[in-house]
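**Q** Sequence first, predicted coordinates after that:
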Amino acid sequence: MSHAVDGPATSLFNALNPRAVSRGRAARQPLPAEMRAALKDAPAGRCVCRGIPFRVPRTPAVASRTPVTFRFTPVAARWFVFLHTADLKPVEFNGDGVISPMRGEGLLAQPAAEYVFIYADGAEERVTIRRRHEIGSHTRRWNEVCVEAVAHRKPHPVRADHEQKARGWGNSQTRVSAADAGRWAYWLWAWRNPRPRAALCGVRIEPRDAAIALGGIAAGDAVRHPLRWDTRRKAVLTLPRGAVFDHELHAGGVLSQLQLDLGQVISATPRRIYPVRTWRGSPHNHLPGVSTQEVLVEYTAHPDARFHLWNGKTIAVASLERNGRAGALQAVPPATQRVRLRVVEGDTSAPVPVRLHVHGTAGEYLAPLDRHRIPNAAWFEDYSVDFAHNGVHYCTYIPGETTLDLSLGAVHIEISKGFEIKPVRMTARITRATKELTVRLERVLPWRANGWVSADTHVHFLSPRSALLEGAGEGVNVVNLLASQWGELMTNVGDFDGATTFGSRESGGDGEHLVRVGTENRQHVLGHISLLGYNGRIIAPMTTGGPDESALGDPVEVLLTEWARQCRRQGGIVVLPHFPNPRLEGAAAIVDGAIDAVEMTSWGSFYNGIDPYSLSDWYRYLNCGYLVPAVGGTDKMNAATAVGCVRTYARVDGPFTYEAWKQAVRAGRTFVTYGPLLECTVEGMEPGSRIAMPAGGGTVDVAWRAASVTVPMTQVELVVNGVVREALSVAPREAAGAWSVRVPHSAWIALRIRGHYPGKPEIITAHSSPFMINVDGSELVAAADALTILDQIEGALAFIDTIATRPDAAAYKRMRMQLVAAHRSLHNRMHAHGMQHVHTPVTDHAEHHH
């Protein structure tokens, strides 16, 4: 047994001390066996239940067979609240195995007892106590709760699993506990005294087919039923200078510095500070400030409730809501106006999917009725259609129309849809007459009309339909949703069928936004590989070699190169994801010619840009003549990453289909971008082209244009063999230019764009795939880069030879031969060019010493 204190006690009620005055058998009625077994979980002592104080005996008084009379000091009050519970009657099936009449295990509405209230003047008032109305069972079947009584524990907020030490991942996603289950529950029933000025001095419990356990009685006054709370409200708490708010939820979901007696604090989070006057012109993706002195508090409470602060002061909820401010709290206008929001594009009237953010005057997020109010940005804890930008700016995806409860007055709205439509930040004035809002978007860049389609090559955990909505909302035409294995966890494998392209006309969609399920196959040391759009059976195993990719004890039984070849045999394309990490066997796969593209990855950041580390590794292969295009993928694994934060643009020939997109990637007609869009030609040819020139080379003409409606551009660069050959400072939104470049030897050329959001560092925002210039008699191979690639292949050999968990002998021999073949391919090229290098014992040979 333990005290039950679910928060501070209201001063409006006092605990009574009822004493049984019955004698003989009436005073010695035992608890039924099942209630005795659960009694150790019952509260006892000085308890506070839903803000009401009680004195609860270690063993409750029982009325099961005969009436029991309880006396207490006479008291006049409007409300008497009983802390009581009843036994659980076993259900009885008839000969046909059916319960009839069927009242449920809780025996809804069946009389359990008569409570006879005894006044000091001798008058009595009789009330029938019914099961699941005024009293419930001490334990219950799922959701067989009371309709006029509440459990002795307050409902309370729950932290998501990653925010707390306690376990219960799935249940923690609800972020709330009804707290009405367990081995023992008392039920609070409030009786309204019809003679509030007359003193009551006792109660007689007359059981009727029930064992009643009385835990306590409290008497007091309230403006209405003391157990009924109002709908959610919000307020801003201002902390004293230098004070730090403790956001940790303690036992029972209670905060240490702010509590409610007749109610519950739902959440307390640092207030987001958005621009007000400049909201309309503020930059897209600009994050709010986060206050250290103001806390946004959400609560539900009885009108007589009081906030209890860390300093011992209390604030009446009624005073706060009536005056708008009370003490350290300022009320936030409630969101009570139900509004339908529609988003359309151009002159059309059909709604279009978008990313949506709405907040009120205090920075409070106003989510649609069917979306999360508190998006969860933790790994694999939530895969809803939400986006929590840096964990502080909450957005969601809607199919073009939705319903929200908005506050009256100014409401701030942000809507975006990819990199070709101008994002909108606007302020709407909501009145009682506002029933519908329509926002019209403007497409300002024509890349899609010119045959370019956008794609995210790397998304996890979403359902195909959720991925379709998020992709459409972000203006992403192709979402590659990847099934995989993570230790003993398998994800999205049930969504893979090796055939369906969700959103295609063949599957009932409009063909403009597509989702295809592929796989990311992984080994912790050798590397990861994305297998996109292949047909037939899933390529398994999806992971090998043990943690943290596959199950403990799994051998390294297949190489990335072998997965890649299998994917191609099944009609797919092969991408090295989040290039170059894990940085090992990918080198052998590129040398083998098994890779269709390398992936530039953003994860959740709009501000980091294309990683120079990733580019540096990619440039090595281009410098050695391996034409590997670039693609963009987010590796989205939580709500902190937006689909298409970085994306691939590929120009398709003919009608857009998933097969046409794959062919465009294979051909290298791609660029990667965080926002700016580009077109670039060399000698009139597109990225991915091989341009032949005679011995001695010559001059090539480069033409380009670029535009951006999201991140402002600052500079356009022409990169030749990894070195900036030309650079031009450009206007933030649109630029075009041309260069003539002398190419005396074989080389690769690409276009690179820099830019930055206001107040953020400059980043690489876009990069084209390369053009290969093949000058007769001049092979493109850089000695220093070739040597580092060779080192990687040797590292892969060393790994499978030494510490990798080894498969059967045949599999080990097969993998080793594959790696040796890739090693020899590059090694022989190096020798053909007279490149000296140090040989490891595994690759040494006699010719090297002559």
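**A** Received it, and whenever you're ready, just let me know what you need.
**Q** Tell me which stretches of the stretch 1-150 of the chain form helices.
**A** In the stretch 1-150 of the chain, the helices defined using DSSP state H, counting those that start in this stretch lie at 33-38.
**Q** Break the chain down into its domains, please.
**A** Domain assignment for the chain by automatic domain parsing gives 13-220, 233-332, 336-441, 445-664, 675-776, 783-849.
**Q** which one of these has the most crowded surroundings?
**A** Greatest average neighbour count among those goes to domain 445-664 (a mean of 22), per mean count of other Cβ atoms under 10 Å. C-betas here are computed from N, CA, C, even on glycine.
**Q** what would the domains of the chain look like in TSV with mean pLDDT and distance to Val5?
**A** Output for the domains of the chain, formatted as TSV (pLDDT from 0 to 100; distance: least, Cβ to Cβ, whole Å):
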stretch	mean pLDDT	distance to Val5
domain 13-220	90	5
domain 233-332	96	8
domain 336-441	97	26
domain 445-664	97	35
domain 675-776	98	48
domain 783-849	88	53
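**Q** which stretches of the stretch 551-700 of the chain form helices?
**A** Going by DSSP H, counting those that start in this stretch, the stretch 551-700 of the chain shows helices at 560-569, 586-592, 612-623, 658-667.
**Q** so what does the biggest strand by length in the chain touch, helix or strand wise?
**A** Taking DSSP state E as the criterion, the chain has its longest strand at strand 289-301. Counting contacts by 3 or more Cβ pairs under 8 Å, 6 or more residues apart in numbering; DSSP states H and E, strand 289-301 packs against strand 233-238, strand 258-260, strand 263-273.
**Q** before we move on, the earlier item: need the domains of the chain in JSON lines (columns: distance to Leu227).
**A** Formatted as JSON lines, the domains of the chain follow (distance: least, Cβ to Cβ, whole Å):
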{"stretch": "domain 13-220", "distance to Leu227": "5"}
{"stretch": "domain 233-332", "distance to Leu227": "8"}
{"stretch": "domain 336-441", "distance to Leu227": "23"}
{"stretch": "domain 445-664", "distance to Leu227": "36"}
{"stretch": "domain 675-776", "distance to Leu227": "51"}
{"stretch": "domain 783-849", "distance to Leu227": "61"}
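**Q** So for Gly7, which of those sits nearest?
**A** domain 233-332 (4.8 Å; Cβ to Cβ).
**Q** Show the end-to-end separation of the closest one, please.
**A** 7 Å (Cα to Cα, to the nearest Å).
**Q** need the helices of the stretch 551-700 of the chain in JSON lines with distance to Glu414, can you?
**A** Formatted as JSON lines, the helices of the stretch 551-700 of the chain follow (distance: least, Cβ to Cβ, whole Å):
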{"stretch": "helix 560-569", "distance to Glu414": "39"}
{"stretch": "helix 586-592", "distance to Glu414": "39"}
{"stretch": "helix 612-623", "distance to Glu414": "30"}
{"stretch": "helix 658-667", "distance to Glu414": "30"}
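**Q** For the spatially most central residue of the chain, what are phi and psi?
**A** The centre of the chain sits closest to Ala639, judged by Cα atoms, centre = their mean, with a distance of 3.2 Å. The phi/psi pair for Ala639 (degrees, to the nearest 10) reads phi -80, psi 0.
**Q** quick one on the thing from earlier: mind putting the helices and strands packed on strand 289-301 in CSV, distance to Met835 included?
**A** Below are the helices and strands packed on strand 289-301 laid out as CSV (distance: least, Cβ to Cβ, whole Å):
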stretch, distance to Met835
strand 233-238, 68
strand 258-260, 70
strand 263-273, 57
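**Q** I'd like to know which of the ones you listed is closest to Leu31.
**A** strand 263-273 (30.9 Å).
**Q** Which other helices and strands does the closest one contact?
**A** On a contact count with 3+ Cβ pairs under 8 Å, 6+ apart, strand 263-273 meets strand 156-157, strand 258-260, strand 289-301.
**Q** Direction included, what does it pair against?
**A** Strand 263-273 pairs in its sheet with strand 289-301 (antiparallel), by DSSP bridges.
**Q** Put the alpha carbons of the partner strand into PDB.
**A** The C-alpha trace of strand 289-301 is given here as PDB (Å, rounded to 0.1, in the frame of the first residue of the first chain):
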ATOM      1  CA  GLY A 289      13.300  31.400 -31.400                       C
ATOM      2  CA  VAL A 290      12.900  29.300 -28.300                       C
ATOM      3  CA  SER A 291      12.300  31.300 -25.100                       C
ATOM      4  CA  THR A 292      14.200  30.500 -21.900                       C
ATOM      5  CA  GLN A 293      11.900  32.600 -19.700                       C
ATOM      6  CA  GLU A 294       8.400  31.700 -21.100                       C
ATOM      7  CA  VAL A 295       6.700  28.300 -20.900                       C
ATOM      8  CA  LEU A 296       3.600  27.500 -22.900                       C
ATOM      9  CA  VAL A 297       1.300  25.500 -20.600                       C
ATOM     10  CA  GLU A 298      -1.600  23.500 -21.700                       C
ATOM     11  CA  TYR A 299      -4.100  22.300 -19.100                       C
ATOM     12  CA  THR A 300      -7.600  21.000 -18.400                       C
ATOM     13  CA  ALA A 301      -9.300  22.000 -15.200                       C
END
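**Q** and the angle for that strand with strand 233-238?
**A** Angle, strand 289-301 to strand 233-238, by axes from the mean of the first three to the mean of the last three Cα atoms, to 10 degrees: 130 degrees.
**Q** How far off centre is strand 289-301?
**A** Mean-position distance between strand 289-301 and its chain equals 21 Å (Cα atoms, centre = their mean, to the nearest Å).
**Q** which residues are contacting it?
**A** 229-239, 241, 243-245, 258, 260, 262-274, 307, 317, 329, 332, 362-364, 392 (Cβ atoms under 8 Å, 6 or more residues apart in numbering).
**Q** helices or strands up against the helix or strand just after that strand?
**A** Next along the chain after strand 289-301, taking DSSP states H and E as the criterion, comes strand 306-309. Other elements packing on strand 306-309 under the criterion 3+ Cβ pairs under 8 Å, 6+ apart are strand 258-260, strand 314-316, helix 317-323.
**Q** Of the ones you listed, which is nearest Ser530?
**A** Of all these, strand 258-260 comes closest under Cβ to Cβ, at 47.4 Å.
**Q** who does that closest one touch, helix- and strand-wise?
**A** Short answer (3+ Cβ pairs under 8 Å, 6+ apart): strand 258-260 packs on strand 263-273, strand 289-301, strand 306-309.
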